[in-house]
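K.L.:
Got a predicted structure plus its sequence, pasted below:
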Amino acid sequence: MAVAEALAEVARVDARLKWPNDVLVADRKVAGILLESRSAATGSEPAELVPTIVGIGVNVTQSRFDPELAGLATSVVLENGRSVPRDELLDVLLDHFDRWRARLEKEGFAPVRERWLVLADTIGREVRVDGQMGLAVGLDEDGALLLRDAGRTHRVVAGTATSRGGDRD
(Lines give C-alpha, C1' and ligand atoms only; values in the text may rest on other atoms or scores of the structure.)
Protein backbone atom coordinates (compact mmCIF):
# COMPACT_ATOMS: atom_id res chain seq x y z
CA MET A 1 0.00 0.00 0.00
CA ALA A 2 2.84 2.36 0.79
CA VAL A 3 4.21 1.98 -2.74
CA ALA A 4 0.82 2.67 -4.34
CA GLU A 5 0.19 5.65 -2.07
CA ALA A 6 3.66 7.09 -2.72
CA LEU A 7 3.23 6.72 -6.49
CA ALA A 8 -0.16 8.43 -6.31
CA GLU A 9 1.23 11.28 -4.22
CA VAL A 10 4.53 11.92 -6.00
CA ALA A 11 3.88 10.73 -9.57
CA ARG A 12 0.16 11.55 -9.68
CA VAL A 13 -0.80 8.14 -11.09
CA ASP A 14 -3.76 5.93 -10.18
CA ALA A 15 -1.81 3.07 -8.60
CA ARG A 16 -3.79 -0.07 -7.74
CA LEU A 17 -2.86 -3.26 -5.88
CA LYS A 18 -2.78 -6.71 -7.44
CA TRP A 19 -2.75 -9.51 -4.89
CA PRO A 20 -0.36 -10.44 -3.47
CA ASN A 21 2.52 -8.10 -4.30
CA ASP A 22 2.23 -6.03 -7.49
CA VAL A 23 1.33 -2.40 -8.06
CA LEU A 24 -0.49 -1.61 -11.31
CA VAL A 25 -1.23 1.53 -13.28
CA ALA A 26 -3.71 1.17 -16.16
CA ASP A 27 -3.66 -2.63 -15.72
CA ARG A 28 0.12 -2.79 -16.19
CA LYS A 29 2.78 -3.48 -13.57
CA VAL A 30 4.65 -0.39 -12.40
CA ALA A 31 6.10 -1.87 -9.21
CA GLY A 32 6.54 -5.12 -7.37
CA ILE A 33 7.33 -6.16 -3.84
CA LEU A 34 9.43 -9.22 -3.05
CA LEU A 35 9.04 -10.79 0.38
CA GLU A 36 11.04 -13.79 1.39
CA SER A 37 10.95 -15.49 4.77
CA ARG A 38 11.46 -18.96 6.05
CA SER A 39 9.98 -20.64 9.06
CA ALA A 40 11.79 -22.98 11.36
CA ALA A 41 9.51 -25.76 12.59
CA THR A 42 10.80 -28.29 15.10
CA GLY A 43 8.81 -31.45 15.65
CA SER A 44 5.36 -30.64 17.01
CA GLU A 45 6.34 -27.09 17.96
CA PRO A 46 4.75 -24.27 15.92
CA ALA A 47 6.84 -22.73 13.20
CA GLU A 48 8.94 -19.79 14.27
CA LEU A 49 9.33 -17.04 11.70
CA VAL A 50 12.80 -15.85 10.95
CA PRO A 51 13.64 -12.40 9.55
CA THR A 52 11.98 -11.41 6.29
CA ILE A 53 13.84 -9.98 3.33
CA VAL A 54 11.92 -7.21 1.55
CA GLY A 55 12.68 -5.78 -1.87
CA ILE A 56 10.76 -3.12 -3.77
CA GLY A 57 11.20 -2.37 -7.45
CA VAL A 58 9.57 0.64 -9.12
CA ASN A 59 9.73 1.39 -12.84
CA VAL A 60 10.42 5.11 -12.79
CA THR A 61 12.27 6.18 -15.95
CA GLN A 62 11.82 3.38 -18.50
CA SER A 63 10.62 4.93 -21.73
CA ARG A 64 9.98 1.58 -23.42
CA PHE A 65 9.88 -2.12 -22.66
CA ASP A 66 10.77 -5.19 -24.69
CA PRO A 67 7.85 -6.28 -26.91
CA GLU A 68 6.96 -9.24 -24.66
CA LEU A 69 6.54 -6.86 -21.69
CA ALA A 70 5.04 -3.85 -23.47
CA GLY A 71 1.43 -4.71 -22.63
CA LEU A 72 2.27 -5.96 -19.15
CA ALA A 73 4.62 -3.33 -17.71
CA THR A 74 4.66 0.44 -17.48
CA SER A 75 6.64 3.20 -15.80
CA VAL A 76 6.06 6.58 -14.22
CA VAL A 77 7.46 8.27 -17.35
CA LEU A 78 5.15 6.32 -19.66
CA GLU A 79 2.11 7.08 -17.53
CA ASN A 80 2.52 10.78 -16.88
CA GLY A 81 5.15 11.90 -19.39
CA ARG A 82 7.70 12.93 -16.80
CA SER A 83 10.02 11.37 -14.30
CA VAL A 84 9.92 12.05 -10.59
CA PRO A 85 12.86 12.54 -8.23
CA ARG A 86 13.75 9.09 -6.91
CA ASP A 87 14.83 10.47 -3.54
CA GLU A 88 11.46 12.17 -3.09
CA LEU A 89 9.61 9.00 -4.11
CA LEU A 90 11.68 6.96 -1.66
CA ASP A 91 11.15 9.46 1.18
CA VAL A 92 7.39 9.49 0.65
CA LEU A 93 7.28 5.69 0.30
CA LEU A 94 9.17 5.22 3.57
CA ASP A 95 6.90 7.73 5.30
CA HIS A 96 3.79 5.82 4.17
CA PHE A 97 5.43 2.52 5.12
CA ASP A 98 6.25 3.77 8.63
CA ARG A 99 2.71 5.07 9.14
CA TRP A 100 1.13 1.78 8.04
CA ARG A 101 3.57 -0.25 10.14
CA ALA A 102 2.71 1.85 13.21
CA ARG A 103 -1.02 1.44 12.58
CA LEU A 104 -0.61 -2.30 12.11
CA GLU A 105 1.24 -2.56 15.42
CA LYS A 106 -1.29 -0.37 17.25
CA GLU A 107 -4.61 -1.35 15.64
CA GLY A 108 -4.00 -4.75 14.06
CA PHE A 109 -4.65 -5.81 10.48
CA ALA A 110 -8.22 -4.45 10.11
CA PRO A 111 -7.32 -0.90 8.93
CA VAL A 112 -4.63 -2.31 6.63
CA ARG A 113 -7.15 -4.72 5.11
CA GLU A 114 -9.70 -1.92 4.70
CA ARG A 115 -7.23 0.33 2.87
CA TRP A 116 -5.93 -2.55 0.74
CA LEU A 117 -9.48 -3.26 -0.43
CA VAL A 118 -9.91 0.41 -1.42
CA LEU A 119 -6.76 0.21 -3.57
CA ALA A 120 -7.38 -3.34 -4.83
CA ASP A 121 -7.35 -4.11 -8.53
CA THR A 122 -7.77 -7.86 -8.00
CA ILE A 123 -11.14 -7.83 -6.22
CA GLY A 124 -14.05 -8.34 -8.59
CA ARG A 125 -11.96 -10.08 -11.24
CA GLU A 126 -11.90 -13.68 -12.37
CA VAL A 127 -8.42 -14.88 -11.46
CA ARG A 128 -6.31 -18.00 -11.47
CA VAL A 129 -3.97 -18.60 -8.54
CA ASP A 130 -1.67 -21.55 -9.09
CA GLY A 131 -4.33 -23.57 -10.92
CA GLN A 132 -7.29 -22.55 -8.76
CA MET A 133 -9.81 -20.34 -10.60
CA GLY A 134 -12.52 -18.13 -9.21
CA LEU A 135 -13.88 -14.67 -8.65
CA ALA A 136 -11.71 -12.68 -6.23
CA VAL A 137 -14.24 -11.48 -3.64
CA GLY A 138 -12.10 -10.13 -0.82
CA LEU A 139 -9.38 -10.59 1.76
CA ASP A 140 -9.88 -12.39 5.02
CA GLU A 141 -8.70 -11.12 8.40
CA ASP A 142 -5.21 -12.54 7.76
CA GLY A 143 -4.75 -11.12 4.24
CA ALA A 144 -5.55 -14.34 2.37
CA LEU A 145 -7.31 -13.86 -0.96
CA LEU A 146 -10.90 -15.13 -1.02
CA LEU A 147 -11.89 -16.82 -4.29
CA ARG A 148 -15.46 -17.81 -5.05
CA ASP A 149 -16.01 -20.72 -7.42
CA ALA A 150 -19.25 -22.65 -7.93
CA GLY A 151 -20.82 -21.09 -4.84
CA ARG A 152 -17.93 -21.97 -2.54
CA THR A 153 -15.37 -19.54 -1.17
CA HIS A 154 -11.75 -20.68 -1.01
CA ARG A 155 -8.96 -19.09 1.00
CA VAL A 156 -5.65 -18.62 -0.86
CA VAL A 157 -2.62 -17.69 1.25
CA ALA A 158 0.13 -17.64 -1.38
CA GLY A 159 0.60 -17.78 -5.12
CA THR A 160 0.55 -15.66 -8.23
CA ALA A 161 -2.81 -14.28 -9.35
CA THR A 162 -3.43 -13.86 -13.06
CA SER A 163 -6.58 -12.21 -14.37
CA ARG A 164 -8.88 -13.94 -16.79
CA GLY A 165 -10.12 -11.45 -19.31
CA GLY A 166 -9.66 -8.48 -17.04
CA ASP A 167 -13.31 -7.41 -16.80
CA ARG A 168 -14.79 -6.81 -13.38
CA ASP A 169 -18.29 -7.84 -12.41
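P.N.:
Thanks, I have the structure now. Residues are numbered from 1 along each chain as shown.
K.L.:
Now do the strands in this protein.
P.N.:
In the chain, the segments counted as strands under DSSP state E are 15-18, 22-25, 28-36, 39-40, 48-49, 53-58, 125-129, 132-139, 145-149, 152-156, 161-168.
K.L.:
so where is this protein shaky, pLDDT-wise?
P.N.:
37-50, 164-169 (pLDDT under 70).
K.L.:
domain assignment for it?
P.N.:
Following the assignment in automatic domain parsing, the chain carries domains at 2-121, 123-169.
K.L.:
and the longest helix for this structure?
P.N.:
Using DSSP state H to define each element, the chain has its longest helix at helix 86-107.
K.L.:
what's near enough to touch the residue nearest the centre of the chain?
P.N.:
Centroid check for the chain by C-alpha atoms, centre = their mean gives residue 21 as the closest residue, at 3.3 Å. Taking C-beta atoms under 8 Å, 6 or more residues apart in numbering as the criterion, residue 21 is in contact with 32-35. Every residue, glycine included, has its C-beta placed from N, CA and C.
K.L.:
switch the cut-off to 6 Å
P.N.:
By C-beta atoms under 6 Å, 6 or more residues apart in numbering, the contact set of residue 21 is residue 33.
K.L.:
can you tell me how far it sits from residue 143?
P.N.:
Distance, residue 21 to residue 143, using C-beta to C-beta, to the nearest Å: 11 Å.
K.L.:
what's the answer for residue 26, then?
P.N.:
Distance of residue 26 to residue 143, given as C-beta to C-beta: 25 Å.
K.L.:
what do you get for residue 128?
P.N.:
19 Å.
K.L.:
List the beta-bridge partners for the closest residue to residue 153 other than its chain neighbours.
P.N.:
Closest residue in space to residue 153, ignoring its immediate chain neighbours: residue 146 at 5.4 Å, by C-beta to C-beta, 6 or more residues apart in numbering. With DSSP bridges as the criterion, residue 146 is bridged to residue 138, residue 155.
K.L.:
I'd say residue 146 and residue 135 touch.
P.N.:
No. Using C-beta atoms under 6 Å as the test, residue 146 is too far from residue 135 to be in contact (9.3 Å).
K.L.:
What distance do you get for residue 98 to residue 107?
P.N.:
Counting by C-beta to C-beta, the gap from residue 98 to residue 107 is 15 Å.
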